[in-house]
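S.K.: Got a sequence here, can you build the structure:
(2 chains)
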Amino acid sequence: MNSYSDVVAKIVNDYLDRLKLQLRRIPAREQDELLKEIQSHIFEAYRRSSDEDETERILAVLRRLGEPSDVVSDRLPEAMVRSGTRRILPMHVIAGILIALFGVPLGFGGAAVLVGVLAALAGAALAYFAAAAGVLLASGALGLLGLVRIYQPALWDVLVVRGVIEPPPAEFFDALSPAGQGFLMLTVAFVFAAAGVVMLWLGKYLIRGVRFLFGMVCDWIRRWAQSARRAVRRQLARDSEFGGAVLRAFRGPVNGEQT
Amino acid sequence: MEYREEERDRRITQLKKGILELAVMGALYHEPHYGYSLVRVLTEDGSISLKEGTIYPILARLDRDGLVRSEWVESVQGPPRKYYALTPAGRQLLGDLRQEFDLLVSLVKREWNAGEESETAQRKLLLRKR
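M.R.: Have a look, this model is predicted:
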């Protein structure tokens, strides 16, 4: 596009860049084709426009062309669907493995089994997080006791006498000074806290996995519903007499139609 | 009560979308076009205004469905142009769509108190609509 002046070329390139952004999800080859086509369009339109000021001219051309989103409007959903299918491919692999391993039958029975498996997984995830919370709670309690042992030895003694807490029946523990015992408890508390945090952190993988499985199942159900709906529609179209009957049933007899 | 302006615009856009595809096929019926020349023939009498970019998604869809075929042709001046032509399948479909369109138009323009003769049109339409 050597016939553009610098300013015009800059405006055009800016527009094309914005268009490229919109096209990110479209396969590279299609992207390239569309970009070339739009470049040609801009060139032809610019060549034929008749305004004194070149900036005005190119801006008018782009205004008539519309926003980049207009140019891709209908293409986007389709391309999204396509890239979505590509992403779902590993799900099919996993589904295949699941079916191979457990012999999960397809159909309603399979769906029921799947729902069961998912519920179990969700339950396991919940239990996992409950455990993590338990570890963190224990760490907090132990830390608190450690502090009490160090700074409030009298309170500690009262608690021990009343049987609220029971010091570990280990000799080495008795051999330690109160501060040493407190320090030991604090150390253990820290280890527990670290373990709890690590558990929570690892939990995100669990969540991701469960979400992935849920997404997969939802996708299956959606597709199954779609194909079922399509089959019904095709059937109605094929059997137009039946279609007419259904229409009549929904809308009442059509004017002038013999029934 | 007055209708809202954006409501009207949205509906007009909706209407245009479907009909524009038909108009594009109609224009390609007579001769091949590239995107910009297509826009020109569609808007030359000034009766329809459209965002020119919307023509490309339509062409892509027609291409994908095998109703048009496309070909890059070098231009004497400037970048190459992508020409589109209606395929035989596209020609056939256009014939059917035109009939359906006429039916719809007659229904839209129908004088509702005119009586008998236009009822056949309505009945045909309902039966076709699955």
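
S.K.: what ranges of chain B fall below the confidence cut-off?
M.R.: The model of chain B has pLDDT under 70 over residues B:1, B:47, B:113-130.

S.K.: Could you double-check that A:Leu184 sits in contact with A:Phe173?
M.R.: Yes: with contact defined as Cβ atoms under 8 Å, A:Leu184 reaches A:Phe173; the gap is 7.4 Å. Quick note: C-beta positions are derived from backbone N, CA and C, even for glycine.

S.K.: More neighbours: which of the two?
M.R.: With neighbours defined as other Cβ atoms under 10 Å in any protein chain shown, A:Leu184 and A:Phe173 compare such that A:Leu184 has more, 17 against 13.

S.K.: Can you report phi and psi for the residue lying closest to the more buried one once chain neighbours are set aside?
M.R.: Leaving aside its sequence neighbours, A:Leu184 sits nearest to A:Leu176 (Cβ to Cβ, 6 or more residues apart in numbering or on different chains; 6.7 Å). For A:Leu176, the backbone dihedrals (degrees, to the nearest 10) come out as phi -80, psi 150.

S.K.: now check the helix or strand containing A:Val61, is it near chain B?
M.R.: Using DSSP states H and E, A:Val61 sits in helix A:54-65. Yes: among the residues of helix A:54-65, A:64-65 lie within reach of chain B under Cβ under 8 Å from any Cβ of the partner chain.

S.K.: which is the next helix or strand following that helix?
M.R.: Later in the chain than helix A:54-65, the nearest helix or strand by DSSP H and E is helix A:68-72.

S.K.: counting contacts, what elements does that following helix pack onto?
M.R.: helix A:6-22, helix A:28-48, helix B:55-64 (3 or more Cβ pairs under 8 Å, 6 or more residues apart in numbering or on different chains; DSSP states H and E).

S.K.: Can you tell me what sits against it?
M.R.: With Cβ atoms under 8 Å, 6 or more residues apart in numbering or on different chains as the test, helix A:68-72 has contacts from A:15, A:18-19, A:21-23, A:26, A:34, A:38, A:65, B:51, B:53-54, B:56-57.

S.K.: from the chain's centre, how far out does it sit?
M.R.: Computed by Cα atoms, centre = their mean, to the nearest Å, the chain-centroid distance of helix A:68-72 equals 26 Å.

S.K.: ok so, going back, please check the contacts of helix A:68-72 and keep the buried ones.
M.R.: For the contacts of helix A:68-72, a burial check counting by 16 or more other Cβ atoms under 10 Å in any protein chain shown picks out A:15, A:19, A:22-23, A:26, A:34, A:38, A:65, B:51, B:53-54, B:56-57.

S.K.: Which members of the residues you listed are the farthest-apart pair?
M.R.: Spatially, the most separated pair among the buried ones among the contacts of helix A:68-72 is A:Ile26 and B:Lys51, at 19.2 Å (Cβ to Cβ).

S.K.: For the closest residue to A:Leu159 other than its chain neighbours, what are phi and psi?
M.R.: Nearest residue to A:Leu159, sequence neighbours excluded (Cβ to Cβ, 6+ apart): A:Ile165, at 4.9 Å. The phi/psi pair for A:Ile165 (degrees, to the nearest 10) reads phi -120, psi 160.

S.K.: how far away is A:Ile165 from chain B?
M.R.: A:Ile165 is 71 Å from chain B, where distance means Cβ to the nearest Cβ, to the nearest Å.

S.K.: Touching, that residue and A:Leu145? I think so.
M.R.: Yes: using Cβ under 8 Å, A:Ile165 makes contact with A:Leu145 at a distance of 6.7 Å.

S.K.: Mutual contacts of the two, please.
M.R.: A:Trp156.

S.K.: Pick out whichever of those two has more residues nearby.
M.R.: Using other Cβ under 10 Å as the criterion, A:Ile165 and A:Leu145 rank with A:Leu145 on top: 20 against 12.

S.K.: Toward the C-terminus, what is the element adjacent to the helix or strand harbouring that one?
M.R.: Secondary structure from DSSP H and E places A:Leu145 in helix A:108-151. Later in the chain than helix A:108-151, the nearest helix or strand by DSSP H and E is helix A:153-162.

S.K.: who does that following helix touch, helix- and strand-wise?
M.R.: helix A:108-151.

S.K.: Backbone dihedrals for B:His33, both of them.
M.R.: Dihedral angles (degrees, to the nearest 10) for B:His33: phi -140, psi 160.

S.K.: That one bridge partners, please.
M.R.: B:Tyr84 (DSSP bridges).

S.K.: unless I'm mixing things up, it is touching B:Leu42, no?
M.R.: No: with contact defined as Cβ under 8 Å, B:His33 does not reach B:Leu42; the gap is 9.3 Å.

S.K.: So between the two, which is more surrounded?
M.R.: B:His33 (23 against 19).

S.K.: do you know how far the more buried one is from B:Tyr84?
M.R.: 6 Å (Cβ to Cβ, to the nearest Å).

S.K.: cool, and B:Gln14?
M.R.: Counting by Cβ to Cβ - B:Gln14 and B:Tyr84 are separated by 24 Å.

S.K.: more neighbours, those two?
M.R.: B:Tyr84 (25 against 10).

S.K.: For that one, list the residues it contacts.
M.R.: B:Tyr84 touches B:28, B:32-35, B:38, B:59, B:62-63, B:68-70, counting by Cβ under 8 Å, 6+ apart.

S.K.: closest to chain A among these?
M.R.: Nearest to chain A among those is B:Gly35, at 5.1 Å by Cβ to the nearest Cβ.

S.K.: how about the nearest residue to that closest one, chain neighbours excluded?
M.R.: Ranked by Cβ to Cβ, 6+ apart and with sequence neighbours excluded, the top spatial neighbour of B:Gly35 is A:His41, at 5.1 Å.

S.K.: for that neighbour, what are its contacts?
M.R.: So A:His41 contacts A:65, B:35-36, B:39, B:52, B:56 (Cβ under 8 Å, 6+ apart).
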